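*Asks:* Prediction below, plus the sequence it came from.
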Amino acid sequence: MLTEETRRLQADVLVIGRSPQSGVLGRLRDLSYAIVRDAPCPVLSV
């Protein structure tokens, strides 16, 4: 969903962050490699 929305918006950069929380926010850490690999623009991980 993130990479699709990035394409739709024609974003210049995608910023993702880490979260110690469980649930959806916590799973972003596990998906970060896939996001970086599939993103149509540079990805900044903070």
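*Replies:* Yep, it's here. Numbers count the residues shown, from 1 in each chain.
*Asks:* Report the helix or strand with the lowest average pLDDT across the protein.
*Replies:* In the chain, no helix or strand scores lower on mean pLDDT, DSSP states H and E than helix 24-38, which sits at a mean of 74.
*Asks:* what's the following helix or strand after that one?
*Replies:* strand 43-45 (DSSP states H and E).
*Asks:* Bridged to S45, which residues?
*Replies:* I16 (DSSP bridges).
*Asks:* and it, how many neighbours does it have?
*Replies:* S45 has 13 neighbours, counted by other C-beta atoms under 10 Å. Every residue, glycine included, has its C-beta placed from N, CA and C.
*Asks:* which ones are touching it?
*Replies:* V15, I16, G17, R18, S32, V36 (C-beta atoms under 8 Å, 6 or more residues apart in numbering).
*Asks:* Give me the buried entries from these.
*Replies:* Buried by 16 or more other C-beta atoms under 10 Å: I16, out of the contacts of S45.
*Asks:* and of the contacts of S45, the nearest to T3?
*Replies:* Lowest distance from T3 to the contacts of S45 (C-beta to C-beta) belongs to V36, with 9.7 Å.
*Asks:* first vs last residue of stretch 36-46, how far apart are they?
*Replies:* Using C-alpha to C-alpha, to the nearest Å, the end-to-end distance of stretch 36-46 comes to 13 Å.
*Asks:* from now on call the first residue 16
*Replies:* Got it, the first residue is 16 from now on, which makes the last one we talked about stretch 51-61.
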